[in-house]
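**Q** No letters, just coordinates:
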């Protein structure tokens, strides 16, 4: 079963054609080296003078370019095309670097997932999306289903290559830990290990799962949503404030997932105050008129 699953994953990678370069190392060698000196900077917003009703900052340029309508199930369109479109358009995406362990402890797995997000704080809840069904479960889903637990690690700049190595389509039972060279560290509420190099990690228990069926191929199971409840947080002390409620992005240096084989680094930020209705709208007649007016197209 493991070898069949691995063969399927190898073929899937060939179908996706994720690597756009015939010789990646040659292309990479022509690029500028990684700039380790790049500071984390806060910038102004694109238009600090923006006010309610101003709309976009491009002078309407976007409105003059037509859109292309795509039916995800149009004749001749493959699910791989939808996959590539979505992961190149829903960006940047946070990466959940998931550590799992089989129930008997005989198998451990470490893998990055960009179908990942936090969805609540009380209780702390996270989603992980698996592009497979239970019948052809990937190693992480198989372990998670058995043990009902995992660790979510957030990927930072200083170990991005190691984390990427864990995405290899290794057969079930062969751990990615040794290939990455990363350091497993013990947890308090789960048996799976956290990544000691990670600045932020979350121990978690499986809350629920839901399996999805293909629309293009009825009967075929193509996705599983797992909801994880966080049970412990681990934060490197130099990234944590005194109140233990903020992680410094300057220290975290998170890596995000873009389309294809592209990743992003976060080195610039801006701050935007969330507007208060009473202060920003209700007390200003000119803004209240905007709220009452019916916008074109609505």
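**A** Yes, it's here. These numbers were taken from a predicted model, which means no experiment stands behind them. Numbering: from 1, shown residues only.
**Q** so who does residue 165 touch?
**A** 176, 179, 180 (Cβ atoms under 8 Å, 6 or more residues apart in numbering). (C-beta placed from N, C-alpha, C; glycine too.)
**Q** and the gap between the closest residue in space to the last one that isn't next to it in sequence and residue 247?
**A** Which is residue 180. Excluding the flanking residues, the one nearest residue 180 by Cβ to Cβ, 6 or more residues apart in numbering is residue 162, at 4.2 Å. Between residue 162 and residue 247 the computed distance is 21 Å (Cβ to Cβ, to the nearest Å).
**Q** which residues does residue 88 contact?
**A** 258, 259, 260.
**Q** element containing it, please.
**A** Here residue 88 sits within helix 79-89, counting by DSSP states H and E.
**Q** can you list the residues that contact the helix or strand following that helix?
**A** With elements assigned by DSSP H and E, the helix or strand that comes after helix 79-89 is strand 93-94. Strand 93-94 is contacted from outside by 87, 114, 115, 116, 117, 154, 254, 256, 257, 258, using Cβ under 8 Å, 6+ apart.
**Q** follow-up on the earlier one: taking the contacts of residue 88, please make a PyMOL selection of just the buried ones.
**A** Buried residues within the contacts of residue 88, by 16 or more other Cβ atoms under 10 Å, are selected in PyMOL with:
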select buried, resi 259
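**Q** Could you dump the contacts of residue 88 into CSV and include secondary structure, distance to residue 208 and pLDDT?
**A** Converted to CSV, the contacts of residue 88 look like this (DSSP: H, G, I helix; E, B strand; the rest coil; distance: Cβ to Cβ, whole Å; pLDDT from 0 to 100):
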residue, secondary structure, distance to residue 208, pLDDT
258, coil, 30, 94
259, coil, 30, 89
260, coil, 32, 88
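**Q** Looking at the contacts of residue 88, which one is closest to residue 126?
**A** Relative to residue 126, the closest of those is residue 258; by Cβ to Cβ it sits at 21.0 Å.
**Q** Would you check that my belief about the closest one contacting residue 90 is correct?
**A** No - with contact defined as Cβ atoms under 8 Å, residue 258 does not count as touching residue 90 (9.9 Å).
**Q** Can I get the buried ones among the contacts of residue 165 as something I can paste into ChimeraX?
**A** ChimeraX command restricting those to the buried ones, with burial defined by 16+ other Cβ under 10 Å:
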select :176,180
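**Q** From the contacts of residue 165, which land in strands?
**A** Among the contacts of residue 165, no residue falls in strands (DSSP state E).
**Q** Of the contacts of residue 165, which is the nearest to residue 283?
**A** residue 180 (55.5 Å).
**Q** picking up where we left off before, from the contacts of residue 88, which is closest to residue 73?
**A** With Cβ to Cβ as the yardstick, the closest approach to residue 73 among the contacts of residue 88 comes from residue 259, at 21.3 Å.
**Q** which residues touch the closest one?
**A** With Cβ under 8 Å, 6+ apart, residue 259 has these contacts: 84, 87, 88, 89, 91.
**Q** From residue 172, how far out is it?
**A** 28 Å.
**Q** State the mean pLDDT of stretch 261-279.
**A** Taken as a whole, stretch 261-279 has an average pLDDT of 90.
**Q** One more: stretch 108-116?
**A** Per-residue scores along stretch 108-116 average to 96.
**Q** what does stretch 42-54 give?
**A** pLDDT averaged over stretch 42-54 gives 89.
**Q** now it: how far from the chain's centre is it?
**A** 28 Å (Cα atoms, centre = their mean, to the nearest Å).
**Q** what does that stretch contact?
**A** Contacts of stretch 42-54 (Cβ under 8 Å, 6+ apart): 57, 268, 269, 270, 271, 272, 280, 281, 287, 290.
**Q** mind running it again at 6 Å?
**A** Contact with stretch 42-54 is made by 57, 268, 269, 270, 287, 290, as judged by Cβ atoms under 6 Å, 6 or more residues apart in numbering.
**Q** One more: stretch 213-225?
**A** By Cβ under 6 Å, 6+ apart, stretch 213-225 touches 73, 79, 129, 130, 133, 141, 209, 210, 211, 212.
**Q** Could you check how many residues crowd around the residue lying closest to residue 189 once chain neighbours are set aside?
**A** Once flanking residues are discounted, residue 189 sits nearest to residue 231: 4.3 Å by Cβ to Cβ, 6+ apart. Using other Cβ atoms under 10 Å, residue 231 has 17 neighbouring residues.
**Q** try residue 236
**A** For residue 236, using other Cβ under 10 Å, the count is 17.
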